[in-house]
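**Student:** For reference, the sequence and a predicted model appear below.
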Amino acid sequence: LMHGYSATEMIGLDIMELLYDKTPAVYRNRGDIIQIKGSWLGETTNVKKDGVTFPVFSSITVLKDDSENHESFVVVVRDITKRKRVEKEIIDSREKLRTIFNAATDAIFLLDMQGNFIDVNRTGYERLGYTKAEMLTLHISELDSPEFAARVQKSISQLKKHGAAIFESAHIRKDGTIMPVEVSSKLLDYGGDKVILSIIRDITERKNAEEAQREIEERFRTLVESSGSVIICLSPVHRILEFNPEAENLYGRKREEVLGEDYFELFLPEKVWLKTAEDIRKVLEGEPTKDFENVVKSFNGEERTIIWTTNRLVDPYGRPTAVIGVGHDITKRKQAEVALTKSEALLREQKIALEQKNIDLRGILEQIEREKMKIQDNVIANVDKIIIPSLQKLKAQSPQANTEIIEVLQSNIEEMTSTFGSSISRLQNKLAPKEVEICNLVRNGLTNKEIAELLNISLRTVETHRRHIRKKLGIDHQDVNLALYLQKF
């Protein structure tokens, strides 16, 4: 059945029909062994009736007669297809494991319990600059830097006790340079013996990053401590993580006294707790604030107004870990602003009062002007009713020589009670005093000759003044009588 034949078909079948490899040399070799030893054991490949090959394990034994002559062979054949498949799977698995072993980016050391190398992957020896053969001759302590080499036996003892360990060390490359490493070790059963499997990770970049972080933190510490601003760092639940000297000055508490304490309970009036908690939540969510004002309590209970600029701090994964606030005490400024507001309000009140006084003053001035006009009207009325009639009587009774003087006197009196002179000066602002005097005489009907004699000037001078007056009044090229023109004023 194994070969696909029936028992009847198998009887008388040439054994060679069942063999896959029919090479004569192979069978001569087997025959020689059988002749010498009387038997042969081994693996071969047989062929089924349908031509399919399969592996078998064969046992051939020579049967002899009483005369020790070869009489026949007993052949026992066992199908080992499943076993071969398992063996292949094991080999493939080992190959895969070896591939993974050598392809791992971390070094993998297999050590005996004394620290001698049993195996090492490609990363392990290449990263340290050795060949694999060189590495397998080493003891693990030969790779450790002096400060860690003395701890090897202690680490092995801990492994024996706990079965696993994770620790940091430093390995020396073949060229003498140092590589910081993280070692994760575990005890395993390997071929019936206890061995140490260690995964070695190069942490050079991490150490460099940690050193850079320490330098940044040191610079940050220096900046915080030397800053002229209040700097406070709070956890998401308002615990104080940082408190610089300016904060100590403002709040009157030492840094070591407040670290880890609730900032709200120590320094905020209860009325602003909810608002400040909401502001901190927004900052942690990524909304930094600038020029945010709130009221805090100093150590003596005095309330101070602080203006803050805040932002969040995050870990390497971008998760918010704290809120940092940089603040300035603006209490004096706020007090000045309040005082300024009060002053502005007072000034507005004073302005309103002054405006009211100005309204009252304008009323008084208007009343004075009305009184002045009334007086002026009375003076003019008295002049018209008393002085002018008296002058006219005097003129009628006086000799001819005094008549002209009386007329001039009458004219001047009338001029004093009119707005003529001031009107001419105001409207034109260009007439000389002598020209204004001549205008008065012309307006009153005196001729050039009479004016010349009255003012004791030449007739030519009077004519020159009249030309200048016409020009300044803008009527020099118009057919306008000067005396009639002046009557308008």
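**Tutor:** Perfect, I can see it now. Numbers count the residues shown, from 1 in each chain.
**Student:** quick one: residue 431 from residue 438, how far?
**Tutor:** Separation of residue 431 from residue 438 (CB to CB, to the nearest Å): 9 Å. Glycine gets a C-beta too; all of them are placed from N, C-alpha and C.
**Student:** which residues are common contacts for those two?
**Tutor:** residue 469 (CB atoms under 8 Å, 6 or more residues apart in numbering).
**Student:** With neighbour numbers in mind, choose between these two.
**Tutor:** residue 438 (25 against 20; other CB atoms under 10 Å).
**Student:** CA atoms of the host helix or strand of that one as CSV?
**Tutor:** Using DSSP states H and E, residue 438 falls within helix 433-443. Provided in CSV are the C-alpha atoms of helix 433-443 (Å, rounded to 0.1, in the frame of the first residue of the first chain):
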residue,chain,number,x,y,z
PRO,A,433,-5.1,159.1,9.8
LYS,A,434,-4.9,162.2,7.5
GLU,A,435,-6.9,160.4,4.9
VAL,A,436,-9.6,159.5,7.5
GLU,A,437,-9.7,163.2,8.5
ILE,A,438,-10.1,164.3,4.9
CYS,A,439,-12.9,161.7,4.4
ASN,A,440,-14.8,163.2,7.3
LEU,A,441,-14.5,166.7,5.8
VAL,A,442,-15.5,165.5,2.3
ARG,A,443,-18.4,163.6,3.7
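**Student:** How are the strands of the stretch 1-150 of the chain distributed by residue range?
**Tutor:** Assigned strands in the stretch 1-150 of the chain, in chain order: 39-47, 53-64, 70-79, 107-111, 117-120 (criterion: DSSP state E, counting those that start in this stretch).
**Student:** between these, which one is nearest to residue 272?
**Tutor:** The closest of these to residue 272 is strand 107-111. By CB to CB, the value is 57.1 Å.
**Student:** contacting residues around that closest one?
**Tutor:** 101, 117-121, 123-124, 127-128, 140, 181, 190, 195-202.
**Student:** And the buried ones among these, selectable in PyMOL?
**Tutor:** Here is the PyMOL command that selects the buried residues among these (16 or more other CB atoms under 10 Å):
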select buried, resi 101+117+119+120+121+123+124+127+128+140+181+195+196+197+198+199+200+202
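**Student:** For stretch 54-73, which outside residues touch it?
**Tutor:** 30, 34, 38-46, 48, 74-81, 84.
**Student:** one more time with 7 Å, if that's ok
**Tutor:** 34, 38-46, 48, 74-81, 84 (CB atoms under 7 Å, 6 or more residues apart in numbering).
**Student:** and what of stretch 339-353?
**Tutor:** By CB under 7 Å, 6+ apart, stretch 339-353 touches no other residue.
**Student:** Could you say which helix or strand holds the residue lying closest to residue 446 once chain neighbours are set aside?
**Tutor:** Leaving aside its sequence neighbours, residue 446 sits nearest to residue 454 (CB to CB, 6 or more residues apart in numbering; 7.0 Å). Take DSSP H and E as the rule and residue 454 turns out to sit in helix 448-455.
**Student:** now do residue 301
**Tutor:** Applying DSSP H and E, one finds residue 301 in no helix or strand.
**Student:** Phi first, then psi, for residue 182.
**Tutor:** For residue 182, the backbone dihedrals (degrees, to the nearest 10) come out as phi -110, psi 130.
**Student:** With the one 4 residues further on instead?
**Tutor:** Summarising the backbone geometry of residue 186 under the convention degrees, to the nearest 10, its torsions are phi -150, psi 140.
**Student:** got it, and residue 358?
**Tutor:** Backbone torsions of residue 358, given as degrees, to the nearest 10, read phi -60, psi -40.
**Student:** Residues contacting stretch 196-216, please?
**Tutor:** 106-111, 113, 124, 127, 159, 179-188.
**Student:** so how far is that stretch from its chain's centroid?
**Tutor:** 29 Å (CA atoms, centre = their mean, to the nearest Å).
**Student:** and stretch 150-163, which residues are buried?
**Tutor:** 152, 155-156, 159.
**Student:** out of the contacts of stretch 54-73, which are buried?
**Tutor:** Buried by 16+ other CB under 10 Å: 34, 40, 44, 46, 80, out of the contacts of stretch 54-73.
**Student:** Return the member of these nearest to residue 303.
**Tutor:** Checking these against residue 303 with CB to CB, the nearest one is residue 80 at 93.3 Å.
**Student:** in the sheet, who's paired with the residue lying closest to residue 259 once chain neighbours are set aside?
**Tutor:** Nearest non-adjacent residue to residue 259, counting by CB to CB, 6+ apart: residue 240, 5.7 Å away. In this entry, residue 240 is beta-bridged to residue 234, by DSSP bridges.
**Student:** Residues in contact with stretch 238-252: which ones?
**Tutor:** With contact meaning CB under 7 Å, 6+ apart, stretch 238-252 is reached by 224-225, 227-235, 254-255, 258-264, 267, 298-300, 304, 322, 329.
**Student:** Narrow the residues you listed to those in helices?
**Tutor:** 224-225, 255, 258, 263-264, 267 (DSSP state H).
**Student:** Would you list the buried entries among those?
**Tutor:** Applying 16+ other CB under 10 Å to these flags 224, 258, 263-264, 267 as buried.
**Student:** that older thread, just give me the neighbour total for the residue nearest to residue 446.
**Tutor:** Using other CB under 10 Å, residue 454 is surrounded by 17 other residues.
**Student:** Number the residues from 44 up from this point.
**Tutor:** Sure, I'll start counting at 44 from here, so that last one is residue 497.
**Student:** All the strands of the stretch 194-343 of the chain, in order from the start?
**Tutor:** Using DSSP E, counting those that start in this stretch, strands in the stretch 194-343 of the chain cover 207-215, 221-233, 236-245, 273-277, 283-286, 332-340.
**Student:** Save those as TSV, and put in mean pLDDT too.
**Tutor:** Below are the strands of the stretch 194-343 of the chain laid out as TSV (pLDDT from 0 to 100):
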stretch	mean pLDDT
strand 207-215	89
strand 221-233	90
strand 236-245	91
strand 273-277	91
strand 283-286	92
strand 332-340	81
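**Student:** and the residue nearest to residue 168 when sequence neighbours are not counted, what is it in contact with?
**Tutor:** Closest residue to residue 168 apart from its sequence neighbours, by CB to CB, 6+ apart: residue 178 at 4.4 Å. Residue 178 is in contact with 160, 163, 167-168, counting by CB under 7 Å, 6+ apart.
**Student:** hmm, 10 Å instead?
**Tutor:** Residues in contact with residue 178 (CB atoms under 10 Å, 6 or more residues apart in numbering) are 150, 152, 160, 162-164, 167-169, 171, 185-186, 217.
**Student:** Kindly indicate which of these lies nearest residue 408.
**Tutor:** Closest approach to residue 408 among these (CB to CB): residue 150, at 106.1 Å.
**Student:** Tell me the spacing between the closest one and residue 175.
**Tutor:** Counting by CB to CB, the gap from residue 150 to residue 175 is 12 Å.
**Student:** before we move on, what about residue 398?
**Tutor:** From residue 398 across to residue 175, the span is 103 Å (CB to CB).
**Student:** what's the closest of the strands of the stretch 44-193 of the chain to residue 406?
**Tutor:** strand 150-154 (105.2 Å).
**Student:** Can you list the strands that the closest one pairs with?
**Tutor:** For strand 150-154, pairing defined by DSSP bridges yields strand 160-163 (antiparallel), strand 236-245 (antiparallel).
**Student:** Measure how buried the closest residue to residue 172 other than its chain neighbours is and give me the count.
**Tutor:** Excluding the flanking residues, the one nearest residue 172 by CB to CB, 6+ apart is residue 217, at 3.6 Å. Residue 217 sits with 13 neighbouring residues when counted by other CB under 10 Å.
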